[in-house]
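Asker: Got a predicted structure here, sequence first:
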Amino acid sequence: MSLPSETEAPEPGISRRPVEILTALLLIGLAGIVLYDSHGRGAGWDGGPQNGFFPARVGWIFLAASLFILWQSFRRPDAVFVTYEQLRQVVRVLGPLVLFVALIGPLGIYVASAVFIIAFMAVVGTSRWWSIGLTALLVPVVCFWIFELQFRVPLPKGPLEAMLGY
Amino acid sequence: MDDFASLIAGFQVALSWHNVGFMAVGVILGIIVGVLPGLGGPNGVAILLPLTFGMDPTSAIILLSSIYWGALFGGAITSILFNIPGEAWSVATTFDGYPMAVQGKAAEALTAAFTASFIGALSGVVLITFVAPLVASFALRFGPAEFFAVFLLTFCSFIGMGRENRAKIIASLCIGFLLAAVGLDSISGDLRMTFGSTELMRGFDFLIVVIGLFGVSEILLTVEEGLVFKGKQAKIDLMVVLRTWAGLPRYWATLLRSSIVGMWMGVTPGGAIAASFMGYGLAKRFSKHGKNFGKGEIEGVLAPETAAHAAGTSALLPMLALGIPGSATAAVLLGGLLVWGLQPGPMLFVEQKSFVWGLIASMYLGNLAGLIIVLATVPLFAAIMRIPFSFVAPVILIVCAIGAYTISNSIFDIWLMLIFGVVGYVFKKLDYPLAPMILALVLGDRAEDAFRQALLGSGGSLGVFWANGLVGTLVVLALLLLCWGPAGDAIAALRGRGRQDPETVEATR
């Protein structure tokens, strides 16, 4: 997603091979769970294919493919998976996002959105405080108008909405 | 001709005032979705799908398919002006589109891209108009074994024709199948792979997975590179449009070639992404100006755009006629059909004539409307990209969360979306393709049903898959396609240094 010319300099970062190996191991584990579950419920023939029949077969193919990926990951030349600078940017988005999703339950989606926008824009830190405040106020209000009033789609609401009588 | 009369009736459906309105709204939303990173065809449609549940199915699908057309057009804008492909299928457009913009020929490049898109889409729609009814009437004779063979063909062509690492395509397909299997088994009524969790009983809704994999992960990838976009200015006036159009007939061979490549790749689900690269590669090899490619050659914009749109449009053919989508967005649209209570597949052409032909007619009109709207409004949409990303990103993420929640009113689904967002981010960085996963997730249950019913009929003998000429041909074709890729690799390796696929994929990102 960037200009290809300027990304070549070796920057410090997490290298690709461990991530590749870890992913392959997770996939192998997943295949193991699927096979355990399917064969546990019966993957054979009982007057017709049992309900684990198809997942078990897919599971075996999955296991084979994941093992092959694991083997490949040792053979490929290593590269940088993500530089620390890039990772920092991603965490700066992911952190507020996790907070947002965690707050939807207790506070309702509209208040959580406002908190999310403030947290996100403050962390990124390129905007003035009044534009942050305005965005944090306007976006939830517009969403409320569209979803609650126009389309009548019920979204999770919290104490603030209850106080206002919705 | 019976079909022709149906098509005219379809135009009457599509030309009603409110349907034309939906078309315009859809195209504009689609362009916005195509321009913004993090919102794309598949998840743009996925987020809006729940809002259309109450609508008349014909209007709903006109709205949603118009979003698809708009997204196809919109991807080109950012590719040419900002060198950022808004969509994966417009990556190849950046190769020559951005150099043209740098040389001050942005307007020509945009006009060429939009017109090429229109031509590509039109060839796809013509293909659908004439071939889909034939395929559907042919498919009426299909039994479970034949249907499973068609599913097999779809998945094998993904593996055989994909540009990514093949083991990873297979792994991605398997994950899709297994996610589809979680929850209630439709035949036996048993719960599978829920491990006692009540949340997992509902299974994984593919819309949640789409919003996570394509929406959240795309935002994460975008912010990696910082939060500021720098772009070129563009104003399109009528003179430039006419001048560019006057020059187009010279490139008829490129347009034709790309259309055919695109139609083929769309019907066999190679997808728009592969088609755009193939169209570009072929044009480069056969063009007289081949050596200028990459330096701002207009043919280098025409070729991938035509192919991408022809593929994107043709992907709806198998969805309508067989109930098997040719792309991730088509898969989402197919999910919509199921929600509206329409069973996609050959019976659709018999039972829901006005729906099918209304949709096909709307494809003609929607693309025409798209071309006009996009030519008229490019500066507006280029301006969207100048809004600071620190402002746009949270709004997109909030919309994604709302979309995920509305599908079944569950906060657990928002967490799932977040998890799939991270999974999608890691998978994209490691070159696991995501489209096969979505396709397998949507088709998983039906492929499994077909497989089990075929085996039930034959008493467990796999011989049912080559019991007659039709199913045998399909299975052989599937296996041929499966071997196509590895065989091609082997030949390329024998010829000396073959292209290293993962590296080229990385270099083009």
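Answerer: Great, that's in hand.
Asker: how far out from the middle of the chain is stretch A:105-114?
Answerer: 19 Å (Cα atoms, centre = their mean, to the nearest Å).
Asker: Quote the end-to-end distance of it.
Answerer: Using Cα to Cα, to the nearest Å, one end of stretch A:105-114 lies 14 Å from the other.
Asker: what's in contact with that stretch?
Answerer: Stretch A:105-114 is contacted from outside by A:100, A:103-104, A:115, A:136-137, A:139-140, A:143-144, A:155-161, B:394, B:398, B:401-402, B:405, B:411, using Cβ atoms under 8 Å, 6 or more residues apart in numbering or on different chains. In short, each C-beta sits where N, CA and C put it, glycine included.
Asker: How much space separates the residue of the stretch 1-150 of chain B found nearest chain A from A:L22?
Answerer: Residue nearest to chain A within the stretch 1-150 of chain B: B:L51 (5.8 Å; Cβ to the nearest Cβ). Computed with Cβ to Cβ, to the nearest Å, the distance linking B:L51 and A:L22 is 39 Å.
Asker: now B:Y364
Answerer: From B:Y364 over to A:L22 the distance is 49 Å, taken as Cβ to Cβ.
Asker: out of these two, which sits in the busier spot?
Answerer: B:Y364 (18 against 12; other Cβ atoms under 10 Å in any protein chain shown).
Asker: secondary structure element for the more buried one?
Answerer: Assigned by DSSP states H and E, B:Y364 belongs to helix B:353-384.
Asker: pLDDT (mean, whole number) over that helix?
Answerer: For helix B:353-384, mean pLDDT rounds to 83.
Asker: packing partners for that helix?
Answerer: For helix B:353-384, the packing partners by 3 or more Cβ pairs under 8 Å, 6 or more residues apart in numbering or on different chains; DSSP states H and E come out as helix B:2-14, helix B:17-35, helix B:57-82, helix B:106-139, helix B:316-322, helix B:346-351.
Asker: a markdown table please, covering these and showing distance to B:G215.
Answerer: Output for the helices and strands packed on helix B:353-384, formatted as a markdown table (distance: least, Cβ to Cβ, whole Å):
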| stretch | distance to B:G215 |
| --- | --- |
| helix B:2-14 | 29 |
| helix B:17-35 | 10 |
| helix B:57-82 | 13 |
| helix B:106-139 | 23 |
| helix B:316-322 | 22 |
| helix B:346-351 | 29 |
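Asker: most packed of these?
Answerer: Of all the helices and strands packed on helix B:353-384, helix B:57-82 carries the top mean neighbour count, a mean of 28, counting by mean count of other Cβ atoms under 10 Å in any protein chain shown.
Asker: Next SSE downstream of that helix?
Answerer: helix B:91-102.
Asker: buried ones in that following helix?
Answerer: By neighbour count on 16 or more other Cβ atoms under 10 Å in any protein chain shown, the buried set for helix B:91-102 is B:91-101.
Asker: Number of residues surrounding B:G457?
Answerer: Quick note: B:G457 (other Cβ under 10 Å) scores 14 neighbours.
Asker: element containing the one residue in the stretch 251-400 of chain B that gets nearest to chain A?
Answerer: Across the stretch 251-400 of chain B, the shortest distance to chain A (Cβ to the nearest Cβ) belongs to B:S390, at 4.2 Å. Here B:S390 sits within helix B:389-408, counting by DSSP H and E.
Asker: what is the orientation angle of the helix or strand just after that helix with helix B:389-408?
Answerer: With elements assigned by DSSP H and E, the helix or strand that comes after helix B:389-408 is helix B:411-429. Going by axes from the mean of the first three to the mean of the last three Cα atoms, to 10 degrees, helix B:411-429 is angled at 130 degrees with respect to helix B:389-408.
Asker: Pull the distance from helix B:411-429 to the chain's centre.
Answerer: With Cα atoms, centre = their mean as the basis, the mean position of helix B:411-429 lies at 20 Å from the chain mean.
Asker: which parts of the next helix-or-strand element following that helix are buried?
Answerer: Sequence-wise, the next helix or strand downstream of helix B:411-429 (DSSP H and E) is helix B:435-458. Neighbour-count burial for helix B:435-458 flags B:435-455 (criterion: 16+ other Cβ under 10 Å).
Asker: out of these, who's near chain A?
Answerer: The subset of those within reach of chain A, by Cβ under 8 Å from any Cβ of the partner chain, is B:448, B:451-452, B:455.
Asker: Reformat these as TSV; add distance to A:Y36.
Answerer: Putting those into TSV (distance: Cβ to Cβ, whole Å) gives the following:
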residue	distance to A:Y36
B:E448	19
B:F451	22
B:R452	21
B:L455	23
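Asker: quick one: which of the residues you listed is nearest B:V210?
Answerer: Among those, B:E448 lies closest to B:V210 (Cβ to Cβ), at 20.3 Å.
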